[in-house]
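In: Kindly generate the corresponding structure for this input.
(chains A and B)
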Amino acid sequence: MKPRILIIEDNEQNMYLLTFILNRNGQEVLQARDGRNGIDLALRENPDLILLDIQLPEMDGYAVAREIKNDPVIAGIPIVAVTSYAMVGDREKAIAAGCSGYIEKPINPDTFMDQIAGFLPGMPQGKRAVP
Amino acid sequence: MKLKWKLLALFGIASLAITAILGTLLYHQLREDRFQSIRLNTLEQLRHIAFSINAFFDEVENDVHALTQNEIVCTHNDRDFTNFTMADEKTFQYRIGPVEQNIIDIFNAYRVTHPYVSSVYMGRANGSSVRSHKRERPTRYDPRKRLWYIQAERFPDGVVITEPYPSVTTKDVNIGVVKALVDGVDHVYGVVGVDITLAKLTDYILNFTIGTASSILVVDRNGVVLASRNRDLLFSKIGDYSKELGQILLGGRQAEETITIEGIRHHVFFRETSGIGWKVAVLIPAAAVEQEIRVPVLLTMTGLIFGLLFLSALSLLGLSAFVIRPLDLLSEETSVIARTSDLSRQVRISSKDEIGMLGTSFNQMITALNATQKSLQDTEQKLIRHQEHLEELVKERTEELARARDKAQEADHLKSAFLASMSHELRTPLNSIIGFTGILLQGLAGPVNEEQKKQLNMVRNSSHHLLQLINEVLDISKIEAGELKLSPDWFDLSQAIDSVAKLVRPLADKKSLLIRVEPVPPDADRLFHDRRRVEQVLINLVNNAVKFTEKGEIHVRCERHSDEVVVSVRDTGIGIKPEDMGTLFETFRQIETGLTRRYEGTGLGLSISRRLVELMGGRIWAESGGPGRGSVFTFTLPWKKEEGNETKDSDH
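Out: Here you go, the predicted structure:
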């Protein structure tokens, strides 16, 4: 069974890029355009991994991560923050909110799959998210 | 000690001294005066007594002489007179004839009219005796064998006074005053005598009173005491009573001496009577004189002491009122002022004397002090006001500064937020550009020909360059805002260098440059720093070296010097002009070579490197032999020994 990855991202181009790369690499992608939808979708579909943009309308990525981690039904799903936020403490804040990994935008298509591989079930333990 | 007591002591000492001196002088003077007075008085009395005795004996002698001249008495017809020469006490009978009776009457008349005469008598050459009164017992008696008769017979021309002798009939001592009866041919045919009772003489003499304690002695020319108040002395030898007194009395006609009799000092005055050579002596105990003057001296002394005490008391009272009390007041007031520092007080002394002046001066001083203190207080108040004002000013300024600081911080935050936002906004499109270029180049969206691939690579390189620019601008902003936080951890320097070399090598390969990394010495390998930032510096330096070198090699080496690790990157590139050395590490200072296009870069790399190295506690510098001779970039990092040897997970 194909791993299912939920992408929560409001930027259409990024959503398309990530979806394209994942699809091409044989992953099933679930899309949410904002945090609320993302959480609903996670609850409904129980994906294997959540790629979470931090700068989202209304409810930001940190809040989304916290809510997911506070819901015992979906708390077990690993979350990897994908963000162009690069200020001091961004990474720490993301980890504190419950994210397991952190990928800085812009993503590198050549290495992206390697970066998320470690968080996917049934995949060999590869290199984890680049700090 | 208080002034009062000092003065009292002074007065006491002065009084004592005065009393002592005056007392001694007075005592001696009085004693001398008194002695002289007693002496003169005594001598006068002595003269009187001597004169009286002389007169007395003259009178008695005259009387006796007169008796011998009496016709009746001097009769030669004495055959029938009473005769005891052959008398027998048992058988004797008085047969007194008219002639004898006449004589007896004359004798008795004389005796009665002269109380000191105890008897008048007459002895005759025929052994008969005529007496003024009868004998007590008619025993055998021969007048011619009696001393008085013999003495009178021996000096027929004069009246003879006999030695004193105890009375046969009474306890008195008698002295006989006798005169021979002489007829025309110097023939003694009888002796008339008068016996004088010395008891009466003593009484007479003792009538002279010379002071109460004095005693009068009458001594005959042989030293026998004839009259004395002390009757035990009567008829004893004066030498037996006091040898010294005896010598004085018998040694001359008159004298004044001071001698010791029976352990008591006496003044002795004596005078010899001219006629019979008796010595009349007055003994006055020396103590008596002193006794007499003791009372006046004591009275005078007492008066003197009381007078002095009165004077002292008066002086003290005066001193107390005029000096001590005002002084006390002054001293009390000064001590109160000294204790309480209350300068509003004033000394209350109203007198016009020196003390008053002192008080006035003191008050003036206090007033002056008060004024000084007030002005000091005023100054202090002013100072306090100034200080308060200053504090207010400081407070205001501080608040202004705080506001300015808040504003600056706010501006800083705005700047940071702006940069974060910019960074995000710039990266989001780059995200797409780099992402899709990568996808296209990977052929995920379909095959691309070589020309397209070449062009896509250009797009990708430019995108990366743009990203690097954005990242560096962001870095420098963060450093300048002090927001760049290091996350130090243990890591291997060799691994960091390897990964950097691996990253840069493709670029070097393109220019056929060799990147030579010397093995890291084991003692310099383990570092406790932020690996990502160390790598950033290394990347920058190696990248620069590759960028500015056309031929030759890049040489990376590191070593440890005591507590720091030194990393150097040497190239064989274009080198650095000396004038550029100073600005090499400054922000936005890519060296103006006119080759900007050829050497792409933000000019921020070295500036960031320097800030990162300094942030980690190290130094960074560059050396060059000059243009075209290559350059060496060196940085140091503090080194410390790793505690234990656990390999920590480099992940968070």
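In: Please name every helix or strand in contact with the top helix by length along chain B.
Out: In chain B, taking DSSP state H as the definition, the longest helix is helix B:354-442. For helix B:354-442, the elements it packs on are helix A:12-24, helix B:325-340, helix B:450-480, judged by 3 or more C-beta pairs under 8 Å, 6 or more residues apart in numbering or on different chains; DSSP states H and E. All C-beta spots, glycine's among them, are computed from the backbone N, C-alpha and C.
In: any chance of those in JSON lines, with distance to B:Y116 too?
Out: Formatted as JSON lines, the helices and strands packed on helix B:354-442 follow (distance: least, C-beta to C-beta, whole Å):
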{"stretch": "helix A:12-24", "distance to B:Y116": "187"}
{"stretch": "helix B:325-340", "distance to B:Y116": "81"}
{"stretch": "helix B:450-480", "distance to B:Y116": "164"}
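In: which stretches of chain A form helices?
Out: Using DSSP H, helices in chain A cover A:12-24, A:35-45, A:61-70, A:90-97, A:112-117.
In: Can you give me the buried ones in the shortest one?
Out: In other words, helix A:112-117. For helix A:112-117, the neighbour count (16 or more other C-beta atoms under 10 Å in any protein chain shown) marks A:112-113, A:115-117 as buried.
In: Quick one: closest of the helices of chain A to B:I439.
Out: Among these, the nearest to B:I439 by C-beta to C-beta is helix A:12-24 (6.3 Å).
In: what about the closest one, near chain B?
Out: Yes: interface with chain B: helix A:12-24 contributes A:13-14, A:17, A:20-21, A:24 (C-beta under 8 Å from any C-beta of the partner chain).
In: where does residue 47 land on pLDDT?
Out: In the absence of a named chain, chain A is used. pLDDT recorded at A:P47 is 94.
In: oops, I was thinking of chain B
Out: B:R47 is given a pLDDT of 87.
In: residues near it, how many?
Out: Close neighbours of B:R47, defined as other C-beta atoms under 10 Å in any protein chain shown, add up to 13.
In: State whether it is indeed within a helix.
Out: Yes: with DSSP: H, G, I helix; E, B strand; the rest coil as the criterion, B:R47 is assigned to a helix.
In: Between helix B:325-340 and the longest helix of chain B, find me the angle.
Out: Taking axes from the mean of the first three to the mean of the last three C-alpha atoms, to 10 degrees, one finds that helix B:354-442 is oriented at 0 degrees with respect to helix B:325-340.
In: Hey, what's the angle from helix B:354-442 to helix B:450-480? Just curious.
Out: Using the same axes, to 10 degrees: helix B:354-442 against helix B:450-480 is 170 degrees.
In: State the number of residues packed around whichever residue of chain B sits closest to chain A.
Out: Ranked by C-beta to the nearest C-beta, the top residue of chain B for proximity to chain A is B:G438, at 3.1 Å. A count of nearby residues for B:G438, using other C-beta under 10 Å, gives 22.
In: wait, it sits on A:N108?
Out: Yes: using C-beta atoms under 8 Å, B:G438 makes contact with A:N108 at a distance of 6.6 Å.
In: In chain A, what helix or strand scores lowest on average pLDDT?
Out: Every helix and strand in chain A was compared by mean pLDDT, DSSP states H and E; the lowest is helix A:90-97, with a mean of 84.
In: Which strand or helix spans B:T68?
Out: Per DSSP states H and E, B:T68 falls inside helix B:3-69.
In: Enumerate every residue touching the nearest residue to B:L319 once chain neighbours are set aside.
Out: What sits nearest to B:L319 in space, not counting adjacent residues and going by C-beta to C-beta, 6 or more residues apart in numbering or on different chains, is B:L7, at 6.0 Å. The contact partners of B:L7, by C-beta atoms under 8 Å, 6 or more residues apart in numbering or on different chains, come to B:315-316, B:319, B:324.
In: Any chance of a ChimeraX selection covering the buried ones in those residues?
Out: Typed into ChimeraX, the line below selects the buried ones among those, using 16+ other C-beta under 10 Å:
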select /B:319,324
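In: For A:I74, grab the count of nearby residues.
Out: Neighbour number of A:I74 under other C-beta under 10 Å is 20.
In: which one is it nearest to, not counting chain neighbours?
Out: Leaving out its chain neighbours, the residue that sits closest to A:I74 by C-beta to C-beta, 6+ apart is A:A42, at 4.9 Å.
In: Pull the number of nearby residues for that neighbour.
Out: For A:A42, the count of nearby residues is 23 (other C-beta under 10 Å).
In: wait, what's in contact with it?
Out: Counting by C-beta under 8 Å, 6+ apart, A:A42 has contacts A:6, A:50, A:68, A:74, A:77.
In: nearest to B:G176, of those?
Out: Comparing the contacts of A:A42 against B:G176 with C-beta to C-beta places A:I68 closest, at 183.2 Å.
In: Alright, that wraps it up for me.
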